[in-house]
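Undergrad: build me a model from this:
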Amino acid sequence: MLRNALLLLAFCASIFTSDVRGQDRPRVGVVLSGGGARGAAHVGFLKALEEQGIPVDCIVGTSIGALVGGYYAAGWSPDVMMSALESGVFERRLQSGESNYAFKSSPDSPAIVDLRISSENGMVRSNLVRSLELEWSIMEELGPAGAASAGNFDRLFVPFRCIGSDVLAKRDTVFASGNLSTSVRASVAFPFYLPPVWMDGHPIYDGGLYNNVPIDAMQAEFAPDIILVSAAQSAAVDFSSDDLMSQIEALIVRDQYELKPSASVFIVRPEFESTTLDFSKYEAAVQAGYAEALAVVNAGELAKVRGVVTSEEIQQRRQSYAATLPRFSLGGVEVVGLMEEAEGYASAVLRNGVEDGMSRLKRNLFLLDSDDHIGRIEPRAQWNDSTQAFDVQLDIEPERDVRLEVGGSIPSNGSGFGHAGLEWQHFGLRPIRVQGQLAFGSFYSAARAGVRSDFHLELPFALEVYIQQSRYSYQRSVSTFFSDLSPVYLRMNDAEAGIKWMSPTGSGGLLEAEWSWLSTTDQSYGDWLFDPADTADTHGFEGTVASLSWQFDTRSIKQCPRDGAMLELRAQRFAGTRAARYRHPENGIWTDALREDTFLRLRARGMAFVSSPSDRLAIGLMAELALSDELMRNTYRGSLAQAMAYQPMLGSKVLFLESFRAYNFVAAGTVLDLRLWKNGFVRAEIHGFQPIESIVSDEKGPRLGQNPPTRWMAGTRIYSDLGVGPVSLGLEYYHQERNPWFFELHWGYRIFQPTARR
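TA: Model prediction:
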């Protein structure tokens, strides 16, 4: 206590000394506008002021300006904020979507439209992203300064105000006291993107809605002699932009760009190209804010305040102030907002978080936030003088209980399919999800129904019971816009019912144990130039599959990923009866075969991507290993149908590639992905495939070939995500295939329902 008292005394003395030395100088106020990602210019603006020795006596911000201004008022330096921008911290927080906790995430699906609807009133979720990461970080980083100020924003490192919009009263609100982190969070609640913050029964949204350049608030609250304005919002309304958030901003944000500089008001307008959420251009934004600030400061009118303080003096004051702040440590944690049983479930997920420390609570909290039953978690911290720690209240809203999804794949060939999904969930002490999915198309069709329940004991786990069926129909040649459909030469049908146990291993890790009953039927023709009127060979398997797998996945894009890593290890044991009816290759007589069959499959596959500092170029490496002791089927094509396939490229997922199937193989490849424009990429990849033993056809039937040659595939693809699904144009080549070239225009997601043998 004595040490803190002395530090506080030293801090106050430094302020007094500074005030005495500069008592004859004009007071300087700084106004930071809204503008989304363009607000990174505020960091360069503040950096220029400090380097030029211009003191900041008070600061007012709105929207992103409130975020930057709040951190500055809490003692953060421009250099520290620059480091956060460079590391991608700010971008990740403001663009955070669904959590990447594999345990809670649903498997990838070809859904393009995903709606959450309440079965009671039909209301749809209004915000695009989850806000927990942003809210928790603001609470943790601004909480100590807010506690030290005792709720009075005049007692921060720099006296501070931020603007919120009360949409019920249709006016802006100036926050001068209260919870600092909550006030800043309310000021950045952009409609349809982040949820509002409720205060005294009123929803508070982004301050830029009614006051995007709050010069009037600065004059009313502080009345400084000089006002420096960093106006980083777009100068023109851009309705032609294909960026949704830019269009929303143009429709609802009220700018005061008509305000003109005066003898006491100096406006800095950084000029650079950027959209509302394009944080990838932060360097240009910071540099523009820095350069424009220098131009205004060095114009001559501000000579009387330039050089009043030095950067070293500002940093010394900042360090003295930081030494007076309490450390953010947890006291109690309270869950509110849920019904009793749902609250019990949430508390079970968070169990032991406080006792085991901050990191454990945060891990469990983000695990809970990733749960499909959770709509939103709003954390609020309150300083407790008696415990010298922060008590955190978690206000949790349940997710809407009905989920609808629509999507699919539309290519320029016959492999397209539609996708629809419906989910209903009950949120209680043992939450339940009932899911149904349907895919329909001439090449691929599938149906799946499942029920899942989560259990959060000492070892969290989930159980899922499911039933599913799928069918693949491979044509003799791939049709295009200019040719007729070709007859089906191979049809693969899978029917499966099973139970799956899942448990998390870290944020991106998932351990699964699965048991299922599996029935497969493959119909194919022995002769490539077959007559569709001929009777097809039939191979089938009926039995059980026991599977154990572990996967780790941090990729953020489900098709054509260019960041993160993935690793999957899987072991399977098949036991059942194998049946066949086929035309014998030697005598042409139809033969029936039936035998018991037991075999193992081991499979490992992974990929990892690294990006250049500018994120313009990404390089990926892929590898896969497959091992099995299973026996070949009675025909060549039946054996190929049962074998494991290497399908790394988008086109390979709809082609039956005879040269890239084997019971045992090793494969590897590399990917180069180059950003051409903001949302446009060109991708080139090449892969090598080495079967340990190849499947060979001869007069007596299929056999295993020794010392098989290495096969390779390569392709290039231009693609872009248009907001309504990705579109791509691809050209691929497959070595030693009958039709080695594959060309397509594709829209949507080519993602299929996984089965035990695929």
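
Undergrad: could you check how far the longest strand along the chain is from the centre of its chain?
TA: Using DSSP state E to define each element, the chain has its longest strand at strand 590-611. Averaging C-alpha positions (CA atoms, centre = their mean, to the nearest Å) puts strand 590-611 31 Å from its chain's average.

Undergrad: begin at 7 from now on, thanks
TA: Shifting the count to begin at 7 puts that one at strand 596-617.

Undergrad: and that strand, which strands flank it?
TA: According to DSSP bridges, strand 596-617 forms sheet pairs with strand 571-589 (antiparallel), strand 623-634 (antiparallel).

Undergrad: ok, now which ones touch W718?
TA: 692-695, 741 (CB atoms under 8 Å, 6 or more residues apart in numbering). All C-beta spots, glycine's among them, are computed from the backbone N, C-alpha and C.

Undergrad: can you check S193 too?
TA: Contacts of S193 (CB under 8 Å, 6+ apart): 67-69, 72-73, 168-170, 181, 212-213.

Undergrad: now those in CSV, with pLDDT, secondary structure and distance to A610?
TA: Below are those laid out as CSV (pLDDT from 0 to 100; DSSP: H, G, I helix; E, B strand; the rest coil; distance: CB to CB, whole Å):
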residue, pLDDT, secondary structure, distance to A610
G67, 95, strand, 51
T68, 94, strand, 52
S69, 91, coil, 48
A72, 95, helix, 49
L73, 94, helix, 44
C168, 96, strand, 52
I169, 95, strand, 54
G170, 94, strand, 52
F181, 95, strand, 54
D212, 89, strand, 48
G213, 88, helix, 52
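
Undergrad: re earlier: restricted to helices, list the contacts of W718.
TA: Assignment to helices by DSSP state H places none of the contacts of W718 there.

Undergrad: and these, which is closest to F666?
TA: When those are compared for distance to F666 (CB to CB), F695 wins out at 5.1 Å.

Undergrad: surely the closest one meets M719?
TA: Yes. Applying CB atoms under 8 Å as the test, F695 and M719 come out as touching, 7.3 Å apart.

Undergrad: so what sits against both of these two?
TA: Contacts common to F695 and M719, judged by CB under 8 Å, 6+ apart, are F666.

Undergrad: for R33, the count of nearby residues, please.
TA: Neighbourhood size, R33 [other CB atoms under 10 Å]: 16.

Undergrad: hang on, I meant E592
TA: 8.

Undergrad: low-scoring pLDDT stretches of the chain, where are they?
TA: Applying pLDDT under 70 to the chain picks out residues 7-29, 100-106, 127-135, 240-268, 280-286, 358-363, 483-492, 534.

Undergrad: the helices in it, which residues?
TA: 8-27, 47-57, 70-79, 84-92, 95-100, 138-154, 186-193, 221-227, 250-258, 288-303, 317-329, 346-356, 364-375, 642-648.

Undergrad: returning to what we had before: can you give me the buried ones in the longest strand of the chain?
TA: 605, 607, 609, 611-615 (16 or more other CB atoms under 10 Å).

Undergrad: so which of the helices of the chain is nearest G35?
TA: The nearest among the helices of the chain, by CB to CB, is helix 221-227 at 4.9 Å.

Undergrad: does that closest one pack against any helices or strands, and if so which?
TA: Helix 221-227 sits against strand 34-38, strand 64-68, strand 166-172, strand 177-181, strand 232-236, with contacts defined as 3 or more CB pairs under 8 Å, 6 or more residues apart in numbering; DSSP states H and E.

Undergrad: how about the buried residues of strand 596-617, which pair is most distant?
TA: Taking CB to CB, no two of the buried residues of strand 596-617 sit farther apart than F605 and F615, at 34.1 Å.

Undergrad: in space, what's closest to Q529 - neighbours in sequence excluded?
TA: Nearest non-adjacent residue to Q529, counting by CB to CB, 6 or more residues apart in numbering: A542, 4.2 Å away.

Undergrad: need the strands paired with strand 596-617 in JSON lines (columns: mean neighbour count and distance to A299).
TA: Converted to JSON lines, the strands paired with strand 596-617 look like this (neighbours: other CB atoms under 10 Å; distance: least, CB to CB, whole Å):
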{"stretch": "strand 571-589", "mean neighbour count": "17", "distance to A299": "41"}
{"stretch": "strand 623-634", "mean neighbour count": "18", "distance to A299": "32"}
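
Undergrad: mind putting those into TSV with distance to G424?
TA: Formatted as TSV, those follow (distance: least, CB to CB, whole Å):
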stretch	distance to G424
strand 571-589	27
strand 623-634	29
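
Undergrad: which of those strands sits closest to E92?
TA: Using CB to CB, those put strand 623-634 closest to E92, at 17.9 Å.

Undergrad: then that closest one to PDB, C-alphas only?
TA: What follows is strand 623-634, C-alpha atoms only, in PDB (Å, rounded to 0.1, in the frame of the first residue of the first chain):
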ATOM      1  CA  LEU A 623       1.400 -14.800 -50.900                       C
ATOM      2  CA  ALA A 624       0.500 -18.000 -49.100                       C
ATOM      3  CA  ILE A 625       2.500 -21.300 -49.400                       C
ATOM      4  CA  GLY A 626       0.900 -24.600 -48.400                       C
ATOM      5  CA  LEU A 627       2.300 -28.100 -47.900                       C
ATOM      6  CA  MET A 628       0.100 -31.200 -47.900                       C
ATOM      7  CA  ALA A 629       0.800 -34.900 -47.200                       C
ATOM      8  CA  GLU A 630      -1.200 -38.100 -46.800                       C
ATOM      9  CA  LEU A 631      -0.500 -41.700 -45.900                       C
ATOM     10  CA  ALA A 632      -2.900 -44.600 -46.200                       C
ATOM     11  CA  LEU A 633      -2.300 -48.200 -45.100                       C
ATOM     12  CA  SER A 634      -4.700 -51.200 -45.200                       C
END
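
Undergrad: who's in contact with it?
TA: 567-569, 605-618, 650, 652, 654, 668-681, 691, 693.

Undergrad: hmm, try it at 6 Å
TA: Here strand 623-634 makes contact (CB atoms under 6 Å, 6 or more residues apart in numbering) with 568, 607-617, 650, 654, 669-677, 679-680.

Undergrad: stretch 55-68 now?
TA: 33-38, 40, 75, 79, 164-169, 213-214, 217, 220, 223-224, 228, 303, 311-317, 320.

Undergrad: now these: which count as buried?
TA: By 16+ other CB under 10 Å, the contacts of stretch 55-68 give 33-38, 40, 75, 79, 164-169, 213-214, 217, 220, 223-224, 228, 303, 311, 314-315, 320 as buried.

Undergrad: show me what E630 is bridged to.
TA: According to DSSP bridges, beta-bridge pairing links E630 with R611, A673.

Undergrad: kindly report the same for V408.
TA: I123, W430.

Undergrad: mind listing what's buried along stretch 723-743?
TA: Neighbour-count burial for stretch 723-743 [16+ other CB under 10 Å]: 723, 725, 731-732, 734, 736, 738-741, 743.

Undergrad: and of the helices of the chain, who's closest to A581?
TA: Of those, nearest to A581 by CB to CB is helix 642-648, at 15.1 Å.

Undergrad: list the helices and strands the closest one packs on?
TA: Contacts defined by 3 or more CB pairs under 6 Å, 6 or more residues apart in numbering; DSSP states H and E place helix 642-648 against strand 515-530, strand 700-704.

Undergrad: mind redoing it with 8 Å?
TA: strand 494-510, strand 515-530, strand 543-559, strand 700-704, strand 707-711.

Undergrad: hmm, who's touching it?
TA: Contacts for helix 642-648 (CB under 8 Å, 6+ apart): 495-496, 498, 528, 530-532, 543, 545, 547, 586, 588, 636, 638-639, 662, 664, 667, 701-703, 707-708, 763.

Undergrad: got a quick PyMOL command for the buried subset of those?
TA: Listed next is the PyMOL selection for buried residues among the contacts of helix 642-648, using 16+ other CB under 10 Å:
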select buried, resi 495+496+498+528+530+531+532+543+545+547+586+588+636+638+639+662+664+667+701+703+707+708+763
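
Undergrad: returning to what we had before: and of the helices of the chain, who's closest to F558?
TA: Going by CB to CB, the one of the helices of the chain nearest F558 is helix 364-375, 15.5 Å.

Undergrad: what's around W523, how many residues?
TA: 15.
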